[in-house]
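*Asks:* My questions are about this predicted structure, shown below with the sequence.
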Amino acid sequence: MLLGLLLIVAGGGLALWGATTFARARTAILPTGSTTRIVSNGPYRFTRNPIYVGLVFAYVGSAFAINSLWPLLFLPLAMVVMQRGVIYREEAYLERKFGAEYLSYKHRVRRWV
């Protein structure tokens, strides 16, 4: 239970840090919005997707907190859906919009961690 709560807090904190970093940069947080710049500071120095990483941590923490491993069986499927359905589309959009600047960032910073 304690490990679960720690993961939920850490994941929520990372996701919130990522979202506030986007807000400070005055660019869209939601994938449906128009991005105005590449954000590469804050948690985006370590992962291109800190909000998604934070959500995964919180999901795993929730499974631990309720003392059930069943949700963890669905985590790989959820991550594949997230990567193929959301992340690949976001990255293609950013490559089209920012070109070499985004490709350079993508080369420097890992997708997950």
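*Replies:* Good, I have the coordinates.
*Asks:* roughly how far apart are residue 41 and residue 74?
*Replies:* Going from residue 41 to residue 74 by Cβ to Cβ, to the nearest Å gives 33 Å. Quick note: C-beta positions are derived from backbone N, CA and C, even for glycine.
*Asks:* Compare those two (neighbour count), which wins?
*Replies:* The neighbour comparison of residue 41 against residue 74 (other Cβ atoms under 10 Å) goes to residue 74, with 12 against 9.
*Asks:* buried ones in the helix or strand hosting the more buried one?
*Replies:* Using DSSP states H and E, residue 74 sits in helix 70-82. Neighbour-count burial for helix 70-82, counted by 16 or more other Cβ atoms under 10 Å, picks out no residue.
*Asks:* Can I get that helix as PDB, trimmed to CA atoms?
*Replies:* Presented in PDB, the C-alpha positions along helix 70-82 are these (Å, rounded to 0.1, in the frame of the first residue of the first chain):
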ATOM      1  CA  TRP A  70      -4.700  -7.600 -12.500                       C
ATOM      2  CA  PRO A  71      -4.400  -4.000 -13.700                       C
ATOM      3  CA  LEU A  72      -0.700  -4.600 -14.400                       C
ATOM      4  CA  LEU A  73      -1.600  -7.300 -16.900                       C
ATOM      5  CA  PHE A  74      -3.300  -4.500 -19.000                       C
ATOM      6  CA  LEU A  75      -0.500  -2.000 -18.700                       C
ATOM      7  CA  PRO A  76       1.500  -3.300 -21.700                       C
ATOM      8  CA  LEU A  77      -1.600  -3.100 -23.800                       C
ATOM      9  CA  ALA A  78      -2.400   0.500 -22.600                       C
ATOM     10  CA  MET A  79       1.200   1.500 -23.300                       C
ATOM     11  CA  VAL A  80       1.000   0.100 -26.900                       C
ATOM     12  CA  VAL A  81      -2.300   1.900 -27.500                       C
ATOM     13  CA  MET A  82      -0.800   5.200 -26.000                       C
END
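*Asks:* Alright, calling it a day.
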